[in-house]
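Asks: Need the 3D shape of this:
(chains A and B)
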Number of protein chains: 2
Amino acid sequence: MKALENIAQLATCRSEGGQGEIHAVADGVVVWEGRDVVWVGARRDMPAAYTAAERIDAGGGLVTPGLVDCHTHLAFGGWRADEFEQRIRGRSYLDIAGGGGGIMGTVRLTRAATEDALVERARGFLGEMLALGVTTVECKSGYGLDRENELKLLRVYRRLAEQGPTRIVATFLGAHTVPPEYRNDREAYLRLLLDDLIPEVASAGLAECCDVFVEDSAFSLEEARRILLAGRAAGLAPKLHADQLTAGGGAELAAEMGALSADHLEHASASGINAMARAGTVAVSLPLASLYLAQPAMPARRFIEAGVSVAVATDFNPGSAPSFHLPLALTLACTLQRMTPAEALKGATAIAARAVGREDRVGSLEPGKAADFAVFDAPDVNHWLYHHRANACRMTVVDGEIRWRAPADAYAVPR
Amino acid sequence: MKALENIAQLATCRSEGGQGEIHAVADGVVVWEGRDVVWVGARRDMPAAYTAAERIDAGGGLVTPGLVDCHTHLAFGGWRADEFEQRIRGRSYLDIAGGGGGIMGTVRLTRAATEDALVERARGFLGEMLALGVTTVECKSGYGLDRENELKLLRVYRRLAEQGPTRIVATFLGAHTVPPEYRNDREAYLRLLLDDLIPEVASAGLAECCDVFVEDSAFSLEEARRILLAGRAAGLAPKLHADQLTAGGGAELAAEMGALSADHLEHASASGINAMARAGTVAVSLPLASLYLAQPAMPARRFIEAGVSVAVATDFNPGSAPSFHLPLALTLACTLQRMTPAEALKGATAIAARAVGREDRVGSLEPGKAADFAVFDAPDVNHWLYHHRANACRMTVVDGEIRWRAPADAYAVPR
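Replies: Numbering: from 1, shown residues only, chains lettered A, B, ... in the order given. Prediction:
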């Protein structure tokens, strides 16, 4: 049995209550046995039974549940750094795509990459994310866009899940865009998804969720409905990329489908927001993508005021959000979306766990859940997200084991 | 003699040419002897005389001159994290200030802090900045606002400069705001600055620059002119906080004064921009402050197109920009201000060095200048500022000595 002590603020992030209720405890203690939390609370309330636990020092910091990044495109080949410069210079996305760049550039490089190479690379990303306090990561396919390469990406995620320590939630996003081979026969690509890939992915246990990009340039609402229904019938929980560039009815469809989440939502309609509230669908905000695309962020306050729970994630991908810095995304949620630090934190813990269907195990610190947590060098959540540093995380624990610790001299100036 | 090799891109950042000309060399080598660079260029051009130099491996990364953060308020007491939350909740700055917060809250805590405590704290910040590749930091007073405490802050900076390794450029900003003690007698505070503090600061060598906050709530143009003229007469180079909230003629005054820089400039007028171009005054952009204040960033492209050199800095301070992450500021300059990565880098090296009057020694890698540089885990500047990571810096060198190195296992996942 172990006990984490010397905690300035313990944000347990239990799911009850509103977006900003993180159920923080001053001078808290977390006690765990093996993989599971057995007790959390204020030190003065700790039962005598736990006083014999091995003590671990949180250094007077902030302790949160392990962060959940509930929307990433983690495995891909290549990068697109030069497109970043080209877009700044005013080159249009269509022009870039016409020159072989854009998403199809990534698809080409992802298809060319071996499964082993993709595993090694994504493993490096997960290591850096773990060092930021991120212990659960949703990972989408969608850069394969054919049978062989979509399955390859999902096998990459399975291997990463087996290797640990980061928890992986794999999402099948074969419906990311229609690949050029099928541009003149969309229906044939839909049939590949509906008849072959979704059943195969589901029966092999390669994914837990099924996602569709609903947008003029990708899939229509009606196509998305067919795909999500097929996924749901096969046991894959629905998710949607919705209303990113225009109000296209994606939020409404997410609610209709009982989706775990609708993501992006920069242009969601009032009726879509209300439908999501009634259905209990989580809205996933991706402020790094808004920043990189220089577009207005999703109007988080409208969602929160309508009673929708808002998660915050990175959208990590090589095009529109080439950063996996979830704490930076949370600070951006504060500055660009007027979410309070507590609201942002709940959006990357309890609410993000709901957005990936893992709220039974992660997203909050309470008895019976996993002993996944992060220790930050900050007195409280306000300070952590206000004073943006390279990395304020000092320790990350998954399933009760310390899996990352800041080197003692990480920032030391030689004397 | 030492030679840094295995460099994917060596951005020498010589000052010649436009904002985006960083004079990059592929497969470059930097050779130095003691504190000074003796040769830079492509490996194939390296004179035989340098082949005997001790080799240092850049790991196939990007090498830039040591970054110059040309606008910070480095030393202060306390933080204002709770105001961050209050502003998100809609509380006005005036209301916060009325409740004892805002800048005067920081002044109160800075006055209460001992010189030793301020040195230790700022030293910690400088250590983290060094780990980000920042080797020169401009540091403003301005949270003392009386004789004793303004001199205390400048002594803090002198001690930090003496301790090294970070180079410090101290700026006297007694004219940050009129302290409450003088609210009914502004002229008396001006007299304190003009007759006592400026001469004392200059004769004691406690600062190199004199700065004024020109804004309705701080100092008028006419007051600023008097202060900057007095500073200039005493040997302090003029700088200005100008046109942050309204177009107040600050850019024009900076040009008239031959200021090293005018900073902020979110609302500078066309005539002000043109005057700065004619005078060769550097415009310092502070995109972190724009982000934290949720305000439009300075229109960098208008300045660049008018022929003004644009520096990018953090504005690190506990109110409007509580982050010293200069690489993040550079990425924000790309995303919020449409500066290319190369333009942003030049703005934090050669141009920033000009903004603090140190271009003779730092800001570029060329023979005769200081061997100050940073090694980043990125193939080029586009990739570095596009793929935002907690910290891509792997090594920082000041005056020829390795002063920071990323721990080998900084991001390793325990196996």
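
Asks: Show me which residues of the stretch 201-350 of chain A are close to chain B?
Replies: A:291-292, A:294, A:322-325, A:328, A:332, A:334-336, A:338-342 (CB under 8 Å from any CB of the partner chain). Heads up, the C-betas are built off the backbone N, CA and C, glycines and all.

Asks: So which of those residues sit within helices?
Replies: A:291, A:292, A:328, A:332, A:334, A:335, A:336, A:341, A:342 (DSSP state H).

Asks: which stretches of the stretch 251-400 of chain A form helices?
Replies: A:270-279, A:287-293, A:300-305, A:326-337, A:341-347, A:350-355, A:381-386 (DSSP state H, counting those that start in this stretch).

Asks: helices or strands up against the third one?
Replies: Contact here means 3 or more CB pairs under 8 Å, 6 or more residues apart in numbering or on different chains; DSSP states H and E; on that basis helix A:300-305 packs against helix A:270-279, strand A:282-285, strand A:310-312, helix A:326-337.

Asks: Mind listing residues that contact the least confident helix or strand in chain A by mean pLDDT?
Replies: Each helix and strand of chain A was given a mean pLDDT (mean pLDDT, DSSP states H and E); the minimum falls on helix A:93-98 at a mean of 84. Outside helix A:93-98, the residues that touch it by CB atoms under 8 Å, 6 or more residues apart in numbering or on different chains are A:83, A:86, A:87, A:102, A:103, A:104.

Asks: switch the cut-off to 6 Å
Replies: Residues from elsewhere that reach helix A:93-98 (CB atoms under 6 Å, 6 or more residues apart in numbering or on different chains): A:83, A:102.

Asks: would you put the C-alpha positions of it in PDB?
Replies: Below are the C-alpha coordinates for helix A:93-98, written out as PDB (Å, rounded to 0.1, in the frame of the first residue of the first chain):
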ATOM      1  CA  TYR A  93      -5.100  24.400 -48.500                       C
ATOM      2  CA  LEU A  94      -6.500  23.400 -51.800                       C
ATOM      3  CA  ASP A  95      -3.400  24.500 -53.600                       C
ATOM      4  CA  ILE A  96      -1.300  22.500 -51.100                       C
ATOM      5  CA  ALA A  97      -3.400  19.400 -51.500                       C
ATOM      6  CA  GLY A  98      -3.200  19.800 -55.300                       C
END
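
Asks: Could you check it and say which residues are buried?
Replies: Within helix A:93-98, the residues scored as buried using 16 or more other CB atoms under 10 Å in any protein chain shown are A:93, A:96.

Asks: Would you tell me what the next helix or strand after it is?
Replies: Later in the chain than helix A:93-98, the nearest helix or strand by DSSP states H and E is helix A:102-112.

Asks: pLDDT on that next one, on average?
Replies: Averaging pLDDT along helix A:102-112 gives 96.

Asks: what comes into contact with that helix?
Replies: A:76, A:77, A:78, A:96, A:143, A:145, A:149, A:177, A:318.

Asks: chain center to stretch A:48-62, what's the gap?
Replies: 30 Å (CA atoms, centre = their mean, to the nearest Å).

Asks: Now do the SS call for residue A:408.
Replies: The three-state assignment at residue A:408 reads coil, by DSSP: H, G, I helix; E, B strand; the rest coil.

Asks: Which positions in stretch A:206-224 come out as buried?
Replies: A:206-215, A:218-219, A:221, A:223-224.

Asks: how far does that stretch stretch from start to finish?
Replies: Stretch A:206-224 has an end-to-end distance of 20 Å (criterion: CA to CA, to the nearest Å).

Asks: Distance-wise, check the residue positioned nearest the centre of chain A relative to residue A:134.
Replies: The residue lying closest to the centre of chain A (CA atoms, centre = their mean) is residue A:70, at 2.0 Å. Remark: distance between residue A:70 and residue A:134 (CB to CB, to the nearest Å) = 10 Å.

Asks: ok, residue A:245 - how many residues close by?
Replies: Applying other CB atoms under 10 Å in any protein chain shown, we find 13 other residues in the vicinity of residue A:245.

Asks: which residue packs closest to it, ignoring adjacent ones?
Replies: Spatially, and ignoring its direct neighbours in sequence, residue A:245 is nearest to residue A:215 (6.0 Å; CB to CB, 6 or more residues apart in numbering or on different chains).

Asks: what's the burial count for whichever residue of the stretch 201-350 of chain A sits closest to chain B?
Replies: Closest contact between the stretch 201-350 of chain A and chain B, by CB to the nearest CB, is at residue A:323 (4.0 Å). Per other CB under 10 Å, the neighbour tally for residue A:323 reads 22.

Asks: contacting residues around it?
Replies: A:288, B:388.

Asks: how about a cut-off of 8 Å?
Replies: Applying CB under 8 Å, 6+ apart, the residues near residue A:323 are A:288, A:292, A:314, A:316, A:329, B:387, B:388, B:389.

Asks: if I pick the fifth one, what's in contact with it?
Replies: In this case it means residue A:329. By CB under 8 Å, 6+ apart, residue A:329 lies in contact with A:286, A:287, A:288, A:312, A:313, A:314, A:323, A:348.

Asks: what residue ranges in chain A score low on pLDDT?
Replies: Within chain A, the segments meeting pLDDT under 70 span A:409-415.

Asks: Residue ranges of each domain in it, please.
Replies: Domains of chain A are assigned by automatic domain parsing as A:2-65+A:364-405, A:67-355.

Asks: name the helices or strands packed onto the lengthiest strand in chain A?
Replies: Taking DSSP state E as the criterion, chain A has its longest strand at strand A:54-65. Here strand A:54-65 touches strand A:2-11, strand A:373-376, helix A:381-386, strand A:393-398, going by 3+ CB pairs under 8 Å, 6+ apart.

Asks: Out of the contacts of helix A:102-112, which two sit at the greatest distance?
Replies: Spanning the widest gap among the contacts of helix A:102-112 are A:96 and A:149, at 21.9 Å by CB to CB.

Asks: what does the stretch 1-150 of chain A put close to chain B?
Replies: A:79-82, A:84-85, A:88-89, A:123-124, A:126-128, A:130-132.

Asks: With chain B as the reference, measure out to the closest residue to residue A:161 other than its chain neighbours.
Replies: Using CB to CB, 6+ apart and skipping the chain neighbours, the partner closest in space to residue A:161 is residue A:168 (3.9 Å). From residue A:168 across to chain B, the span is 13 Å (CB to the nearest CB, to the nearest Å).
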